[in-house]
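Undergrad: My questions are about this predicted structure, shown below with the sequence.
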Amino acid sequence: CGSCSIAYACCQWSIRKRNSPTAADSVQKVVSSTCQKAIERCEERGGRDCAIAREDHWRVDVPNNIPQLQTVDLFLRCRAQEYYAPSNIAYANVRQSLEEFEEKASSDQATSCVFSVRYFYELLISPLNDERTLIHMGLTDEGYVVDDLIGSVRITLPGNPATAESIELNAGDRFFFDYLIDSFEKQPKEAIPNSERQRAANYPIVKTFLDTNKWPPGLESEIEAYRRELQQQFLPPVSAEQVNLAANGRNYQLWKASVSLSNPNVAFSLVRDCTVNGENSFRRFAESQQAALVMGGIFSRQNRCDPTTFPLYSEGVLVEGSAQDWTKGTVFSIRSSDQEAGLIADMQTYNAGEAYSWSSSQPDWSNYLFAVTSGPRLLADGQVVYSRQAARDQGHGDRFIINETEETRRAALCLSSDKKQFHYVLLQEPAALNLAEFSNVLRSSDVGCWDAVNLDGGGGPALAVDGDVKHPPGREQPYLIVVYYAESAPSRTRSVWGLP
C-alpha cells in the first residue's frame, strides 16, 4: 500500500442468503463505511494501490451482524527468506504480525518482499522461470481446477509454504484441488483432455487477455507472442479440411489432414492389415482402431500386401526392411522430446549408389519412435526439388513414379516451415496430377507445405478422420499410418510414446 500502513478494504460486498434482509442492510452499511474509511486513510498516506480483502475473507458475527475478517495465513516472501504465520491470526493481530515480519526482514536485510494474506484453503502459484506464463483457474463444487496454458508453474498446497507439498505444472497440464477434505494432500496432475483443449484455449478471460485493445499501446508484439504460444500448444491436435484450388487451368479438391506436433497427446504408428480394401473394410478398420487419423500410401510390391524393402519404423522398432537399407529415398521421421518442445519431426533424403558411412552419415534411428521411407522428395525448404533425374538419383525407377506426364491420384506427407505441423495431403478423384504439378500444388499458400515427400498414388491414398471415411483406398494396404489420441491409443503405444 505504498508508504502507508496496511489498510484493508473490500469491494462489491454481498450478503449470503442466510442473512435476513434487515440484517443484510445493516451489515452492508457497516462494511461500506469501514471500507471507505480504510481506502481514504490509505490514500491520505500516499498509497496508490490498497490491499483488498475479498468478500470470502470476511465473516458475519450473527446475531450481532458485525463483519469481521476471517482467520488467515500471513506470508511474507522475500528474495532469499520466507516468513509465515499460520491461520490463527485474526483481524486484530494482522497489523502486529506484519510489523513483526517487517522487523525480521529488516534485520535479515531481506529484499524484494511481497506480503500475502492467504485464506486457509488457497493455493500459492508461482512461475518456475522468467518465461511467459499463463494459467487459468476455475471453481467446481469440490475445489479448484488449474489449467497451465503457457509456461511452467509451481503450486504450493495450503500451510507453511516452506514445508508444504508442491507440484509442478507444464503447459497442457491440469491440477485439481479438493479444498473440502480435512487434510490437504498432494494430488496427481493430468493432461488436459483433447476434448477440452480447444475450450481451454478459448476461456473468455483468456480471450480478453489476448485482446490488444485492452492493453496500452506498445504491447502488441508481446501479446502476439502469448497468442502464438497458446496456439502452438492448444491447436486442435488433429484436424482435417477440404481445400479447393485452381491450377493449370483446372479446379482441384484435396483433403488436408493435420497433426499438431506441439501437442504431447498424440502418437503415430504403423498398423498392418491386408484385409483393408475399399470403403467398408477401411471404415471397420478405422473404427476398430479408435484412431484420430488413418492414412494410406505406403509403397508395396507387385503383391499389394507386401511392402517394399524401404525400412519402416514404428514405436521404436524396425518393422520392415533393414536399417542398413536407409541409403536411398526420403525418410520422414519423428522422435520424442520433453513435453514443452513437443515432437521433433524431420525429412532426410539420400541418393542411391553413394557411399554412405552408416555410423557417421546417418542418425541413430534407435532414438526414433516412427519413420517411413518413401519418395521421391517433392519439396525441401519450401522449394520444389522434384525432377525426373532427382527421382532416379534417389533410387526410384518405376515409370509410374518418375514419368513427369503420368497423371494419377496423389498423396504426400508434409511438414510446415517450423516443423510443428504434420500434414497428409490427398488429391481427390476424379482429378489427377503428375508429380511436377503436384509439387507446385503442395507449396501453394492454400496448402502450405514446406517439406514434402511423395506417397504411393493410384489406389494407395486413403484417409479416415475419427472413423469417418473421407477417401477409401483402391487396393490392399501393406501398412496404414495411424494417429492416436492418448486416451484411445493401445497400451504399448502409450508406453513407448510416454502418453498419459
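TA: Cool, the structure landed. Computed from a predicted structure; not experimentally measured. Residues are numbered from 1 along each chain as shown.

Undergrad: can you pull out the helices in the chain?
TA: Assigned helices in the chain, in chain order: 21-44, 91-107, 194-201, 204-209, 220-234, 279-289, 358-361, 388-393, 399-402, 435-442, 491-497 (criterion: DSSP state H).

Undergrad: Of those helices, which shows the lowest average pLDDT?
TA: Taking the average pLDDT of each of the helices of the chain, the minimum falls on helix 358-361, with a mean of 42.

Undergrad: shaky segments in the stretch 401-500 of the chain?
TA: 401-407, 429-430, 500 (pLDDT under 70).

Undergrad: if we go to 80?
TA: 401-408, 429-432, 487, 498-500 (pLDDT under 80).

Undergrad: Also the stretch 51-200 of the chain?
TA: Of all residues in the stretch 51-200 of the chain, those with pLDDT under 80 make up the ranges 51-99, 111-121, 141-142, 159-162, 179-187, 193-200.

Undergrad: can you map out the strands along it?
TA: 58-61, 66-69, 72-77, 82-89, 114-118, 124-127, 134-139, 143-150, 153-156, 166-169, 173-178, 190-191 (DSSP state E, counting those that start in this stretch).

Undergrad: Out of these, the one nearest residue 216 is which?
TA: strand 134-139 (18.8 Å; CB to CB). For glycine as for every other residue, the C-beta is placed from the backbone atoms N, C-alpha and C.

Undergrad: who are the neighbours of the closest one, in terms of helices and strands?
TA: strand 143-150, helix 204-209 (3 or more CB pairs under 8 Å, 6 or more residues apart in numbering; DSSP states H and E).

Undergrad: Give me the buried positions along that strand.
TA: Using 16 or more other CB atoms under 10 Å as the burial criterion, the residues of strand 134-139 that qualify are 134-136.

Undergrad: So what's the residue count around residue 470?
TA: A count of neighbours around residue 470, defined by other CB atoms under 10 Å, yields 16.

Undergrad: ok, it to residue 242 distance?
TA: Residue 470 sits 8 Å away from residue 242, going by CB to CB, to the nearest Å.

Undergrad: what touches both of the two?
TA: When contacts are counted by CB atoms under 8 Å, 6 or more residues apart in numbering, residue 470 and residue 242 have residue 255 as shared neighbours.

Undergrad: give me every residue that touches the closest residue to residue 224 other than its chain neighbours.
TA: If the residues on either side of it in the chain are set aside, residue 224 comes closest to residue 212, at 7.8 Å by CB to CB, 6 or more residues apart in numbering. In this structure, residue 212 makes contact with 219-220, 223-224, judged by CB under 8 Å, 6+ apart.

Undergrad: ok, now residue 215?
TA: By CB under 8 Å, 6+ apart, the contact set of residue 215 is residue 223.

Undergrad: phi, psi of it?
TA: Here the main-chain torsion angles of residue 215 (degrees, to the nearest 10) amount to phi -120, psi 160.

Undergrad: want to try a markdown table for the helices and strands packed on strand 134-139, with distance to residue 442 and mean neighbour count as columns?
TA: Listed next are those as a markdown table, based on distance: least, CB to CB, whole Å; neighbours: other CB atoms under 10 Å:
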| stretch | distance to residue 442 | mean neighbour count |
| --- | --- | --- |
| strand 143-150 | 32 | 21 |
| helix 204-209 | 33 | 13 |
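
Undergrad: Nearest to residue 234, out of those?
TA: Comparison of these against residue 234 by CB to CB identifies strand 143-150 as nearest, at 7.1 Å.

Undergrad: CA atoms of the closest one as CSV?
TA: Presented in CSV, the C-alpha positions along strand 143-150 are these (Å, rounded to 0.1, in the frame of the first residue of the first chain):
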residue,chain,number,x,y,z
GLY,A,143,-12.5,-27.3,-5.4
TYR,A,144,-10.2,-25.6,-7.9
VAL,A,145,-9.2,-26.7,-11.4
VAL,A,146,-5.9,-25.1,-12.5
ASP,A,147,-5.0,-25.3,-16.2
ASP,A,148,-1.5,-24.4,-17.2
LEU,A,149,-1.8,-22.8,-20.7
ILE,A,150,1.7,-21.4,-21.2
